[in-house]
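only geometry, no sequence info:
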């Protein structure tokens with residue numbers, strides 16, 4: 001009897017690891033083995049021959065030059081194959097995790113459930129919500145003084161989660177985090193982590209577009225301020241700048257309003273203003289002040305009563 005198992009293993013870091021995988025480690029399901037991003041592994045030597053085939057997926061880029069590897073295993077004899085040591089498996093998955101599709105929902109954990117509880121407790125009080133990744137979450141730490149002065153009195157609530165990409169936000173919207181909310185304004189900044197995760201600019205934009213569709217469907221009377229992503233170091237800086245060009249096209253100036261923050265965080269000759277950042281990606285208190293000063297005129301225009 002012959003069985004065929006297909007599994008995408010991406011990305012592969014070295015030819016040596018590819019060769020090691022071909023000699024006996026399977027990342028799959030059923031009676032073979034299981035590997036997850038959390039590095040919970042069940043490793044079993046198997047009685048198979050292995051064939052590695054390169055396949056090309058435009059949305060799925062590797063750490064090195066290959067696209068990603070599909071491993072096809074066919075059970076055909078009783079020859080026991082060698083097992084790659086567990087630390088090599090950790091190397092593959094720890095150094096270079098497979099990326100996700102920017103518009104397909106991806107689950108979040110404890111912070112997501114914490115924010116669901118926030119919504120349940122304050123849904124009738126929330127007038128402004130900030131949705132995004134660690135840059136947005138930073139309002140609770142480095143930006144807290146600015147937040148407490150300008151946004152807490154206006155019943156603003158923070159829905160930023162460190163590390164979030166568009167697919168995480170899509171999951172959060174679909175999984176009750178915003179159920180029952182009807183804020184006057186939602187402030188959205190998302191996409192830089194998709195670029196950092198090697199999504200193409202176009203795929204990252206597709207993900208942001210899906211987030212906008214989900215948000216406006218969930219909160220039909222809410223105005224959305226879509227913020228540009230902020231400058232960052234190369235090579236991702238130029239990609240984020242190209243992403244912003246695409247994001248601007250999503251504004252209809254009825255429900256979705258695009259706001260350029262980028263130009264306020266770089267010099268006239270195009271250099272990042274590092275004095276506004278703590279690590280060339282996340283902004284410091286002065287950076288949050290610039291954000292507030294740049295955004296508030298639009299916020300006040302959308303709802304003078306806020």
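Received it, and whenever you're ready, just let me know what you need. Since we're looking at a predicted model, the values are computed, not measured.

in stretch 213-222, what counts as buried?
Neighbour counts using 16 or more other CB atoms under 10 Å place 214-216, 218-219, 222 of stretch 213-222 among the buried residues. Every residue, glycine included, has its C-beta placed from N, CA and C.

can you put the residues you listed in a markdown table and add pLDDT, distance to residue 181 and secondary structure?
Listed next are the buried residues of stretch 213-222 as a markdown table, based on pLDDT from 0 to 100; distance: CB to CB, whole Å; DSSP: H, G, I helix; E, B strand; the rest coil:
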| residue | pLDDT | distance to residue 181 | secondary structure |
| --- | --- | --- | --- |
| 214 | 98 | 13 | helix |
| 215 | 98 | 10 | helix |
| 216 | 98 | 12 | helix |
| 218 | 97 | 8 | helix |
| 219 | 97 | 6 | coil |
| 222 | 98 | 8 | coil |
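
and which of those residues is nearest to residue 140?
residue 215 (20.8 Å; CB to CB).

residue 186 is in contact with that closest one, correct?
Yes - applying CB atoms under 8 Å as the test, residue 215 and residue 186 come out as touching, 6.0 Å apart.

picking up where we left off before, just give me the closest of the buried residues of stretch 213-222 to residue 268.
residue 215 (34.0 Å).

which residues touch that closest one?
Residues in contact with residue 215, defined by CB atoms under 8 Å, 6 or more residues apart in numbering, are 131, 173, 178, 186, 188, 222, 224.

partners of the last one in the sheet?
So that's residue 224. Beta-bridge pairing for residue 224 (DSSP bridges): residue 186, residue 256.

for it, what are its contacts?
Residues in contact with residue 224 (CB under 8 Å, 6+ apart) are 185-188, 212, 215-216, 255-257.

most neighbours among those residues, which one is it?
residue 187 (27 neighbours; other CB atoms under 10 Å).

any idea how far that one is from residue 156?
8 Å (CB to CB, to the nearest Å).

shared neighbours of these two, anything?
The contact sets of residue 187 and residue 156 overlap at 128-130 (CB under 8 Å, 6+ apart).

inside strands: which ones of those residues?
Secondary structure assignment (DSSP state E) places 128-130 from those within strands.

the residues you listed into JSON lines, with extra columns for pLDDT?
Formatted as JSON lines, those follow (pLDDT from 0 to 100):
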{"residue": "128", "pLDDT": "98"}
{"residue": "129", "pLDDT": "99"}
{"residue": "130", "pLDDT": "99"}
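
from these, which would you call buried?
By neighbour count, with 16+ other CB under 10 Å, these hold 128-130 as buried.

where in the chain is pLDDT low?
For the chain, the stretches with pLDDT under 70 are 1-109.

would you map the strands across it?
Counting by DSSP E, the segments of the chain that form strands are 4-9, 48-55, 68-75, 128-132, 156-160, 185-189, 223-227, 256-259.

verify the stated contact: residue 127 with residue 151.
No - if you go by CB under 8 Å, residue 127 and residue 151 don't touch, sitting 9.7 Å apart.
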